[in-house]
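Asks: Structure of the sequence below:
(3 chains)
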Amino acid sequence: MTTKTTPLWEVFIRSRNGLAHKHAGSLHAADAEQALQAARDVYTRRGEGQSIWVVRSADIVASDPKDKDEMFEPTASKIYRHPTFYRIPDEVGNM
Amino acid sequence: MAIPKDKALFDYAVRLADDQLVLGHRLSEWCGRAPTLEEELALANMGLDLIGQARSLYAHAGEVEGEGRDEDALAYLRSEREFTNMLLVEQPNDDFAHTMVRQLFHAAFMAPYWEAMTGSADATLSGIAGKAVKEARYHLRHSAEWIVRLGDGTQESHARTRAALDHLWVFTGELFEMDETALSLLGRGVAVDARALKPAWDSAVDETLARAGLDRPAEIAMLSGGRTGRHSEHLGHLLAEMQYMQRAYPGMTW
Amino acid sequence: MYSQGLINADGSTHEDEAFLKAFQERIDREEKIEPNDPMPEGYRRTLIRQISQHAHSEIIGMQPEGNWITRAPSLKRKAALLAKVQDEGGHGLYLYSAAETLGVTREELVEQLLQGKAKYSSIFTYPTLSWADIGAIGWLVDGAAIMNQVPLCRCSFGPYARAMIRVCKEESFHQRQGYEIMLTLCSGTPEQKAMAQDALDRWWWPSLMMFGPHDSESQHGDQNMAWKIKRFTNDALRQKFVDATVPQAEFLGLKVPDPDLAWNEEKGGYDIGPIDWDEFRSVLKTGGFCGRDRIRNRRRAEEDGAWVREAAAAFAEKQATRQADAEAA
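Replies: This next block holds a predicted model:
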């Protein structure tokens, strides 16, 4: 019994025109063409796709959860960037 | 049974339906046995595409016949001598190489076939073709890419694919036959000229084999007979299994 | 669902009090734990076992249902069943992927299944003997699965919760399909109705056993509940299932094979008769009626497919070499 492993790929799908690609899940495939086809067969069976990206999981660089504080501290001191700082007259409507 | 109003069209639609149903059934036999989980889904997808096409075609044939036979009456209550699918599609799955070679031969034909059919004078057939052509193109891509990997993979995969090519080649001539029924419908702008599809088929197959490092099998005398109900021994067993419930429990609704 | 009652949360950890407390606080705040987040080793190991056994169940489940694809009695049923079994394969795939985020490979997990080191739901050790079984499985087994799967969409581990959301979306037509098959049979000939009753007779008790042992027998459910890997107790889910399903059986005109089944006005639910736990334990120990075949078929599929996977890997390697050579040139 072979214990070789088939590479893991992450799948991103743009389901409709105008939307960004969204992470759909992962799958195993030996190469990029097979990963693309498998993504289509596994993640768009119900016709949920316009564009598919596949990336080898090993190629994804992720931030370290330990660095969450310095990477993602909300800039509470810079409130002028937040839309609620500006008062828009009701007559203008939603913005 | 009374002769249907348009027997030629009825026969033509039924044989097309029989082709897709038998091949769809064969693919469904892989359920739980595929080489990878991803391929389980791919084979089932192709099977569902083909069964879907068959259902539309049987429905059309039943309407053309006008005797009240629906898709199930046509699929489940006709004998192997009445089935008119081509011999290629009833061949057993054997190993994965055989299954992919069979799919390549079928899809390399059906992709240009459905494309030509989109221009049919029969609105229903051209409508079915509009959807089926996309499915066939995917089946072609999927099977061709597998043949490349199996041909140019390991010694074992190369040998198995070689054997599959040599075994199934004899069934490929029947793809391009045009009998009286087909010719009369061609004259009416309804049918596709299968003979005209050979260059496209050759091109797709040869390109795939070249990438796979596989030689095209030598030309041999082809087998034929499916269109007149003269099948290989495989079809009888397939239908015995497929039709079992309707034969064992006649006249019931499921 | 398919791990209910089979998994005891592995409470053993090496982490200190402060760490465990901080982790539990995150859980209590209904925060999602993601793969790279710090987590107790016990949490990680329990999840790997629960998710992978859920995945194994989906894959094994393809066999009893796949058993009737080639004999489905109409084209509509044939297509629907093929799609359903395909969905099950897909669910297995999503779940293996979720388990893999925790540092284990799909190949390792499959090997555990084939070696008998990992379990799958006992429900799939029963044979599908008639077309009506396909209806019964969709109605009862998928019905029971849904009871557990919806709460799992709110499980604390992100990838598992998200996989379950995807599963639940696809699951909705499975149970309806099964019940519709039963409805068609029960509205048909006496022979068809008898077929449906026979299927209910054989699948009712195994479906109840899917929820696992009584709460009084389950000693380790607490840690699972604390970590929000499990959201409801075995008996709570079993009660919910019975209360939903008995009226459905009545609507079909079928008799639930339990002479002690009775409405309890006080609790507002049904009382059921005693479950045969000897059978349950025996099935877990020996693999039940079809267990040997299920594993043998799985092993055969893996072995038969080995040359295909090897070919794909060999080709990928050749391609990589050719590309490297081309770039170097």
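
Asks: So which bits of chain A are right by chain B?
Replies: Within chain A, the residues that sit near chain B (C-beta under 8 Å from any C-beta of the partner chain) are A:6, A:27-30, A:33-34, A:37-38, A:40-42, A:45. For glycine as for every other residue, the C-beta is placed from the backbone atoms N, C-alpha and C.

Asks: Dump the C-alpha coordinates for the helix ranked longest in chain A into PDB.
Replies: The residue-count maximum for a helix in chain A (DSSP state H) belongs to helix A:32-43. Provided in PDB are the C-alpha atoms of helix A:32-43 (Å, rounded to 0.1, in the frame of the first residue of the first chain):
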ATOM      1  CA  ALA A  32      -2.500  22.100 -11.500                       C
ATOM      2  CA  GLU A  33      -4.700  21.000 -14.400                       C
ATOM      3  CA  GLN A  34      -6.200  18.100 -12.400                       C
ATOM      4  CA  ALA A  35      -6.600  20.500  -9.400                       C
ATOM      5  CA  LEU A  36      -8.600  22.900 -11.600                       C
ATOM      6  CA  GLN A  37     -10.800  20.100 -12.900                       C
ATOM      7  CA  ALA A  38     -11.300  18.600  -9.500                       C
ATOM      8  CA  ALA A  39     -12.200  22.100  -8.100                       C
ATOM      9  CA  ARG A  40     -14.900  22.400 -10.900                       C
ATOM     10  CA  ASP A  41     -16.200  18.900 -10.100                       C
ATOM     11  CA  VAL A  42     -16.200  19.100  -6.400                       C
ATOM     12  CA  TYR A  43     -17.000  22.800  -5.600                       C
END
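
Asks: Just checking: what are the partner strands of the helix or strand following that helix?
Replies: Going down the chain from helix A:32-43, the next helix or strand is strand A:51-56, by DSSP states H and E. In the sheet, strand A:51-56 lines up against strand A:8-14 (antiparallel) (DSSP bridges).

Asks: Show me what the helix or strand just after the partner strand is packed against.
Replies: Next in sequence after strand A:8-14, counting helices and strands by DSSP H and E, comes strand A:22-28. Counting contacts by 3 or more C-beta pairs under 8 Å, 6 or more residues apart in numbering or on different chains; DSSP states H and E, strand A:22-28 is packed against strand A:8-14, helix A:32-43, helix B:37-65, helix C:75-100.

Asks: Nearest to residue C:278, out of the ones you listed?
Replies: Each of the helices and strands packed on strand A:22-28 has some distance to residue C:278 by C-beta to C-beta; the shortest is helix C:75-100, at 29.3 Å.

Asks: packing partners for the closest one?
Replies: Checked by 3+ C-beta pairs under 8 Å, 6+ apart, helix C:75-100 has strand A:22-28, helix B:7-28, helix B:37-65, helix B:71-76, helix C:41-66, helix C:106-114, helix C:158-186 packed alongside it.

Asks: Same question for the following helix or strand past the last one: list its buried residues.
Replies: By that I understand helix C:158-186. Downstream of helix C:158-186, the first helix or strand assigned by DSSP H and E is helix C:190-209. For helix C:190-209, the neighbour count (16 or more other C-beta atoms under 10 Å in any protein chain shown) marks C:192-193, C:195-197, C:199-200, C:202-209 as buried.

Asks: From those residues, list the ones also adjacent to chain B.
Replies: When contact is defined as C-beta under 8 Å from any C-beta, those meet chain B at residue C:192.

Asks: The residue of chain A found nearest chain C in helix, strand or coil?
Replies: Chain C sits closest to residue A:30 of chain A, with a gap of 3.7 Å, by C-beta to the nearest C-beta. Here residue A:30 is coil, with the state taken from DSSP: H, G, I helix; E, B strand; the rest coil.

Asks: Spit out the contact partners of it.
Replies: Residue A:30 makes contacts with A:6, A:7, B:149, C:309, C:312, C:313, C:315, C:316, as judged by C-beta atoms under 8 Å, 6 or more residues apart in numbering or on different chains.

Asks: switch to 7 Å and redo it
Replies: The contact partners of residue A:30, taken as C-beta atoms under 7 Å, 6 or more residues apart in numbering or on different chains, are A:6, A:7, C:312, C:313, C:315, C:316.

Asks: Run through who's touching stretch C:204-216.
Replies: Stretch C:204-216 has contacts (C-beta under 7 Å, 6+ apart) with C:1, C:4-6, C:121-123, C:126, C:140-141, C:144, C:218, C:221, C:233-235, C:237-238, C:241, C:256-257, C:275-277, C:280.

Asks: try 8 Å
Replies: C:1-2, C:4-6, C:121-123, C:126, C:140-141, C:143-145, C:147-148, C:218, C:221, C:233-238, C:241-242, C:256-258, C:272, C:275-277, C:279-280, C:283.

Asks: out of these, which touch chain B?
Replies: Okay, of the contacts of stretch C:204-216, nothing touches chain B (C-beta under 8 Å from any C-beta).

Asks: Against residue B:38, how distant is whatever residue of the stretch 51-200 of chain C ends up closest to chain A?
Replies: Relative to chain A, the nearest point of the stretch 51-200 of chain C is residue C:97 (4.3 Å; C-beta to the nearest C-beta). Distance, residue C:97 to residue B:38, using C-beta to C-beta, to the nearest Å: 11 Å.

Asks: any shared contact partners between the two?
Replies: Common neighbours of residue C:97 and residue B:38 (C-beta under 8 Å, 6+ apart) are residue A:27.

Asks: pLDDT weak spots in the chain?
Replies: In the absence of a named chain, this looks at chain A. A:1-3, A:46-48, A:65-95 (pLDDT under 70).

Asks: Switch to chain B, please.
Replies: B:1-4.

Asks: Please repeat the previous calculation with a cut-off of 80.
Replies: Applying pLDDT under 80 to chain B flags residues B:1-5.

Asks: On the three-state scheme, residue B:79 is what?
Replies: With three-state DSSP as the criterion, residue B:79 reads coil.

Asks: I should have written residue C:213 there, sorry.
Replies: From three-state DSSP, the assignment for residue C:213 is coil.

Asks: What distance do you get for it to residue C:122?
Replies: In terms of C-beta to C-beta, residue C:213 sits 12 Å off from residue C:122.

Asks: any residues in contact with both of these two?
Replies: Listed contacts common to residue C:213 and residue C:122 are residue C:280; contacts here mean C-beta under 8 Å, 6+ apart.

Asks: These two: which has the busier surroundings?
Replies: The neighbour comparison of residue C:213 against residue C:122 (other C-beta atoms under 10 Å in any protein chain shown) goes to residue C:122, with 24 against 19.
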